[in-house]
Each structure stands twice: as structure tokens, then as C-alpha cells.
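Asker: Dropping a prediction and its sequence here:
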Amino acid sequence: MLAPIEFSRLEDVLSGPKGWVDLAIVALCLTVAWLIDRQVEQRARAKAPRAGSGARLRAGIARGLFSLLAIVLLLIARAGYPRFGGDPIFINIAIPLLIALAAIRITFYAMRKVFADRTWLKSSERMIAFTMWGFVVLYFVGALPEIRRELDAIVIPFGESPVSLLTIGTGVLAVVVTLIVTLWLSGMLEQRVMGATTLDSSTKTLLAKVLRAVLLVVGVLVALKSIGFDLTLLAVFGGALGVGIGLGLQKLAANYISGFTILLDRSIRLGDMITVDNRYGIVARVTSRYVVVRSLDGIEAIVPNETLVTTTVLNHSSTTPEVRMSLPVQIAYDSDVDLALRLMEEAARAEPRVVTTPFPPTAFLMSFADSGINLELGLWLRDPENGLLGLRSAINRRIFASFRANGVVIPYPRRDVQLLGAAPPPT
């Protein structure tokens with residue numbers, strides 16, 4: 001269908017009126033398809049504020065609407081053309097070119113959906129699409145084989161084996177196409193893995209990263225093999241890479257290996273409350289090189305994975321999301337200790353964020369100090385990610401108000417001073 005054009009036949013067809021009628025039919029079909037495409041695009045822009053999933057589907061179809069309409073009109077025209085006698089040559093030329101254009105544009109629309117966060121694809125989509133279509137046109141008019149012969153004749157000395165520009169271009173194109181297909185496959189698999197409900201977040205992240213890395217390596221090897229590259233040469237590169245990792249990249253390699261270890265043994269997961277390297281917060285993100293720990297004041301710390309593996313990590317929510325909190329209080333020696341303990345427990349139970357079962361708030365007598373009796377209120381918090389300072393302040397205010405209302409005294413610091421050698425007081 002995409003055979004090169006015979007220009008001698010074009011000259012014969014244009015010498016008579018049938019050829020011009022054939023060309024006019026092609027121009028008419030293209031014009032009608034363009035007018036319909038403009039109308040559809042204007043209506044789509046008018047409905048853009050109310051766009052939903054159906055509108056996105058129509059937008060995807062509209063990207064190839066001009067080509068598809070023109071193809072349909074040309075097919076109808078070709079079916080009725082034999083009634084006027086002869087075989088239409090210009091219609092037969094236009095149909096495969098429009099099919100190639102529609103296929104390229106729809107392919108790039110699918111790539112934009114797969115690589116939604118790739119800004120380079122969005123900015124250069126039109127240029128790449130028309131470049132690919134230009135290669136199709138060059139082949140169709142018979143110029144591409146001539147260009148190929150010229151590129152093959154240009155040889156660049158590369159060591160003992162000269163390489164032509166055609167070989168370099170073919171290799172680069174094969175690698176690029178293979179990488180695009182590999183990224184598309186890995187993106188689809190990653191979406192399926194991340195949407196699985198039977199796996200936890202750490203396992204899904206690990207599987208997604210391993211799949212992407214494996215597919216990329218396999219894709220590059222397949223591309224190099226397809227252009228005749230000797231894969232045994234990669235052994236030398238692998239040895240050099242190993243020496244580089246052992247010397248200059250050992251920290252980077254240690255972080256990556258530690259990252260896969262953390263994801264594999266699931267010692268740290270997304271949403272855990274941890275304390276590492278004097279930082280307390282929620283695990284907001286786990287990558288192959290670092291972990292993002294967001295503290296309760298909103299500050300995010302990037303902790304290398306090697307630190308999490310080689311140092312002690314306090315995981316406050318490894319088996320349960322609840323966190324224990326203690327509030328120290330001191331009362332005077334002449335105050336009712338039992339009453340004070342009960343008031344402290346009641347103040348904690350009045351807060352909805354405090355766990356009441358199976359571990360209710362409990363107050364304890366801790367020690368006897370110089371100025372008073374040290375008490376401590378222990379309680380469990382059900383949502384530590386919402387902060388501790390507000391809850392601590394609310395419970396302390398309740399305790400202070402309850403102590404005042406019930407005559408429990410919080411003592412001032414007291415010191416007895418004795419003067420040696422001073423005159424006795426007058427009697």
C-alpha cells in the first residue's frame with residue numbers, strides 16, 4: 001500500500017481531465033474533513049469547563065479526526081470513482097499518507113496518557129509527529145532510498161571498524177524506540193501493581209521499581225543486539241563500573257542497596273511514625289535512595305537509606321498507630337494525692353484523641369522531690385500525626401483548672417536558709 005510513487009504515471013494522468021478530477025476530489029475531501037474538524041474543535045473548547053472522562057475520550061478521538069474523516073471520504077470517493085472509468089491514482093496516494101498521519105497522532109496521544117508527567121513529550125509532540133510523517137512521505141515519493149544510500153556512503157572512522165552514518169542513525173533510532181516501548185510497558189505494569197489491594201505500599205513500590213529497572217536493562221540489551229552490537233564488550237564496561245562503584249560511588253551504591261533492603265524487609269513503611277537521626281516525623285515517601293520524613297511542623301527531612309540501615313530507628317507505629325505520651329505534674333505535700341491522681345485521669349479521658357480502651361489513661365506517683373510530690377500521667381494517643389503540643393496543652397489546662405477547683409496545690413520552689421554565726425534574735 002505504501003509503494004513508491006511512479007512519477008511517469010502522474011504525468012500521464014495529469015495530461016487528461018480525469019487526473020484533474022481525481023486531484024479535485026482529493027482536495028474536496030480534505031477541505032470537508034478540515035471544516036468538520038474545525039467545528040468539532042470549537043465545540044470541544046466551548047465545553048472545556050464541563051470536561052469529564054467522556055470529554056477526555058472525545059478529545060483523544062479528535063486528535064485524529066481530520067485524518068479519519070478524510071480517509072472515510074476518500075474511501076467513499078474511490079468506491080464510486082470506477083463508474084467514471086479508470087483507477088484513481090491521487091486518491092490511492094492520499095489514503096496511505098492520511099492513514100500514517102492518523103496512526104502517528106493517535107500513537108502520540110496514547111504516549112501522553114502513559115507518560116503524563118513528561119513535559120518534553122507535550123512540548124515536542126507536534127514536531128516529532130510531523131517528522132515521522134515526513135519520513136513516510138519521503139519513502140512514498142521515492143526519495144528515502146536515495147537518502148539512505150548517501151548516508152551509508154558517509155563513513156566515520158571508529159577505531160579499526162569504520163561506521164557509516166546510516167548505522168549510527170539506525171542504532172540511535174532502535175534504542176529510542178525500544179526505550180519508549182519499554183517505558184510504556186513499565187508504566188502500564190506499574191499502574192497495575194500500584195493499584196493492587198492485596199499488597200502493602202512498600203511491596204508495591206519495590207515491585208514497581210524492580211520491574212522498571214529490569215525492563216529498561218532488557219530493552220537496552222535488545223536494542224543493542226538488534227543493531228549488531230557485540231554484547232561481550234559490555235563485560236569490560238561492567239568491570240569498570242564495578243571498580244567505580246567500589247571506589248567513588250560506594251555511598252551511592254550503599255544507599256540504593258539499603259533502599260531495596262528497606263522495601264524488601266518492610267521494616268519502614270509509608271505513614272510510619274519514626275525517630276531517626278534526632279528527627280521525629282511521618283514517613284512521607286520511600287525511594288530507592290532516600291526516605292522523606294515529614295515532622296509535625298511540616299518540615300521534610302531527606303534521610304539517606306544507609307542511615308536507616310546502619311543506625312537505630314525508633315518506629316512508633318510498627319505494629320500499632322497509637323503513641324504513648326507522659327505529662328509530669330508536681331503537687332504540694334499537704335495536697336490529697338489520690339484526688340490529684342483521679343483528676344489527672346479524668347482530664348485525659350475528656351479529650352477525644354486519647355485512647356480509653358484497652359489502655360486507659362493512668363496517673364502514677366513517681367517520686368518525692370524537694371518542693372513537692374512528682375506525679376506523672378501516662379496516656380496513649382490515637383493520631384500522633386496531628387501533633388502532640390495541642391493535646392498536651394489542652395490536658396494541662398484541664399488539670400490546672402481541676403486542681404484549683406478541688407484545692408490541690410501546685411507548689412512554688414521552697415528553700416530554707418540557715419545563717420551560721422549570726423547573733424541570736426532578741427527575746
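Answerer: Arrived safely.
Asker: Quick check: V303 touching V276?
Answerer: Yes: taking contacts as CB atoms under 8 Å, V303 lies within contact range of V276: 5.8 Å. The C-beta positions use only the backbone N, C-alpha and C, and glycine is treated the same way.
Asker: which residues do those two both contact?
Answerer: Common neighbours of V303 and V276, using CB atoms under 8 Å, 6 or more residues apart in numbering, are V293.
Asker: now stretch 148-168: mean pLDDT?
Answerer: Mean pLDDT, stretch 148-168: 72.
Asker: meant to ask about stretch 28-46, not that
Answerer: Stretch 28-46 comes out at a mean pLDDT of 80.
Asker: how far is it from where the chain is centred?
Answerer: 36 Å (CA atoms, centre = their mean, to the nearest Å).
Asker: now stretch 355-374
Answerer: 47 Å.
Asker: chain center to the host helix or strand of A102, what's the gap?
Answerer: Using DSSP states H and E, A102 sits in helix 89-114. From the chain centre to the centre of helix 89-114 is a distance of 30 Å (CA atoms, centre = their mean).
Asker: So for it, what gets flagged as buried?
Answerer: 89-95, 97-102, 104-106, 108-109, 111, 114 (16 or more other CB atoms under 10 Å).
Asker: tell me what that helix is packed against?
Answerer: helix 7-14, helix 17-46, helix 53-62, helix 65-80, helix 119-123, helix 125-140, helix 165-194 (3 or more CB pairs under 8 Å, 6 or more residues apart in numbering; DSSP states H and E).
Asker: Tell me what angle it forms with helix 165-194.
Answerer: In terms of direction (axes from the mean of the first three to the mean of the last three CA atoms, to 10 degrees), helix 89-114 departs from helix 165-194 by 50 degrees.
Asker: What separation do you get for the nearest residue in space to I147 that is not next to it in sequence and E146?
Answerer: Using CB to CB, 6 or more residues apart in numbering and skipping residues adjacent in sequence, the residue nearest I147 is L138, 6.8 Å away. According to CB to CB, to the nearest Å, L138 stands 9 Å off from E146.
Asker: higher neighbour count, the two?
Answerer: L138 (16 against 10; other CB atoms under 10 Å).
Asker: Pretty sure that one sits against R148.
Answerer: No: L138 is beyond contact range of R148, at 9.8 Å (criterion: CB under 8 Å).
Asker: quick one: the helices in the stretch 151-300 of the chain?
Answerer: Secondary structure of the stretch 151-300 of the chain (DSSP state H, counting those that start in this stretch): helices located at 165-194, 201-226, 234-247, 250-265.
Asker: what mean pLDDT does the shortest one have?
Answerer: Meaning helix 234-247. 63.
Asker: least reliable of the helices of the stretch 151-300 of the chain going by mean pLDDT?
Answerer: helix 234-247 (a mean of 63).
Asker: Which SSE is immediately downstream of the helix or strand encompassing E376?
Answerer: Counting by DSSP H and E, the element that carries E376 is strand 373-381. Once strand 373-381 ends, the next helix or strand along the chain (criterion: DSSP H and E) is helix 389-406.
Asker: For that following helix, buried residues please.
Answerer: L391, A394, I395, R398, I399, S402, F403.
Asker: who touches that helix?
Answerer: 296, 325, 327, 329, 331, 336, 339-340, 343-344, 346-348, 350-351, 353-354, 377, 379, 381, 408-410.
Asker: and that helix with strand 373-381, angle?
Answerer: 140 degrees.
Asker: Cheers, nothing more for now.
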